[in-house]
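A.B. asks: Pasting a predicted model and its sequence here:
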Amino acid sequence: MPAILFGSLSTIADTSELQRESFNQAFEASGLDWRWDRDEYLAMLQGSGGRERISTYAASLGQTVDAEAVHHKKSECFQQLLADGDVRARPGVLDTIQTAKRNGVKVAWVTTTTAENISALLAALQPAIQRSDFDLILDSSTVDRPKPDSAAYDFALASLHEERDRCIAIEDNIDGVQAAQAAGVTCVAFPNENTADHNFGAAEARVAELKFQDLNELIPLATI
């Protein structure tokens, strides 16, 4: 049985600007006079890892901060923004998940974010998308090596008992694309609002809206 592997929070719902705002709220709450505007934040998104962004930014200013504590506060702010906001699935995501399930195609969420962030997003998306829609959900506690390492995808493939050439990954950032390809999985780039200008030339395809039929033509998933 083939599988569709969603690679991050923002492949399900575009939370990219909520992420930026949650960083800024965390900075203020932590007594830091930092504020990342959109242009500055976009430049940071070439790589993954919120803690790493905080540490790198502090070093660029010659400052020392507790990146772990600031990032923890950022996560709290992000989860509150999800609870307070009107968050919706990205174009085609709901139909793609439903069509996959009707046709016996597994659906997994191969993230390296926290379990709390995943739960907060699922709570915001209910009842349209629920935890039971996924055959497998990974979070930051699942593997030790974050993307672009292939560890998350390797773990998912082993857990799902799937062959690499029968799966397709959906990713919204370059590190995610590299992770999928390092695992030997065909990858479709589905850029979010803040990664739309990134170079996704390494992906097998790039889309602005998910369509099961398009995925099915790239990798045969089901007869529909």
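C.D. replies: In hand now; what should we look at?
A.B. asks: hmm, what's the outermost residue in this structure?
C.D. replies: residue 62 (30.5 Å; C-alpha atoms, centre = their mean).
A.B. asks: For it, report the pLDDT, please.
C.D. replies: Here, the pLDDT recorded for residue 62 equals 95.
A.B. asks: Same question for the one 5 residues further on.
C.D. replies: On pLDDT, residue 67 comes in at 95.
A.B. asks: now residue 51
C.D. replies: On the pLDDT scale, residue 51 gets 89.
A.B. asks: Let me know how buried it is, in neighbour terms.
C.D. replies: By other C-beta atoms under 10 Å, 14 other residues sit near residue 51. In short, each C-beta sits where N, CA and C put it, glycine included.
A.B. asks: need the contact list for it.
C.D. replies: Taking C-beta atoms under 8 Å, 6 or more residues apart in numbering, we find residue 51 in contact with 67-68, 71.
A.B. asks: Tell me the most packed of these, by neighbour count.
C.D. replies: Going by other C-beta under 10 Å, residue 71 tops these with 22 neighbours.
A.B. asks: Skipping its backbone neighbours, what lies nearest that residue in space?
C.D. replies: In space, and not counting its chain neighbours, residue 71 is closest to residue 51: 4.6 Å by C-beta to C-beta, 6 or more residues apart in numbering.
A.B. asks: Wait, a strand at the one you found?
C.D. replies: No: counting by DSSP: H, G, I helix; E, B strand; the rest coil, residue 51 is not part of a strand but helix.
A.B. asks: Could you list the buried residues of the lowest-mean-pLDDT helix or strand in the chain?
C.D. replies: Lowest mean confidence among the helices and strands of the chain (mean pLDDT, DSSP states H and E): helix 38-44, at a mean of 90. Across helix 38-44, burial judged by 16 or more other C-beta atoms under 10 Å covers 41-42, 44.
A.B. asks: That one packs against which elements?
C.D. replies: When contacts are defined as 3 or more C-beta pairs under 8 Å, 6 or more residues apart in numbering; DSSP states H and E, helix 38-44 packs onto helix 16-29, helix 50-60.
A.B. asks: So for residue 119, which of those helices sits nearest?
C.D. replies: helix 16-29 (15.3 Å; C-beta to C-beta).
A.B. asks: How far off centre is the longest helix belonging to the chain?
C.D. replies: Across the chain, the longest stretch assigned as helix under DSSP state H is helix 67-84. Helix 67-84 has its C-alpha centroid displaced from the chain centroid by 16 Å (C-alpha atoms, centre = their mean, to the nearest Å).
A.B. asks: again with stretch 130-138
C.D. replies: 14 Å.
A.B. asks: Residues contacting it, please?
C.D. replies: 3, 97, 101, 106-112, 118, 122, 152, 155-156, 159-160.
A.B. asks: Return the subset of these lying in strands.
C.D. replies: If you go by DSSP state E, the contacts of stretch 130-138 have 3, 106-110 in strands.
A.B. asks: residue ranges with poor pLDDT in the protein?
C.D. replies: By pLDDT under 70, the low-scoring segments of the chain are 47-48, 224.
A.B. asks: Which segments of it make up each domain?
C.D. replies: If you go by automatic domain parsing, the domain ranges for the chain are 3-14+88-218, 16-84.
A.B. asks: End to end on the last one, go ahead and measure it.
C.D. replies: Put plainly, it is domain 16-84. Across domain 16-84, the terminal residues are separated by 16 Å (C-alpha to C-alpha, to the nearest Å).
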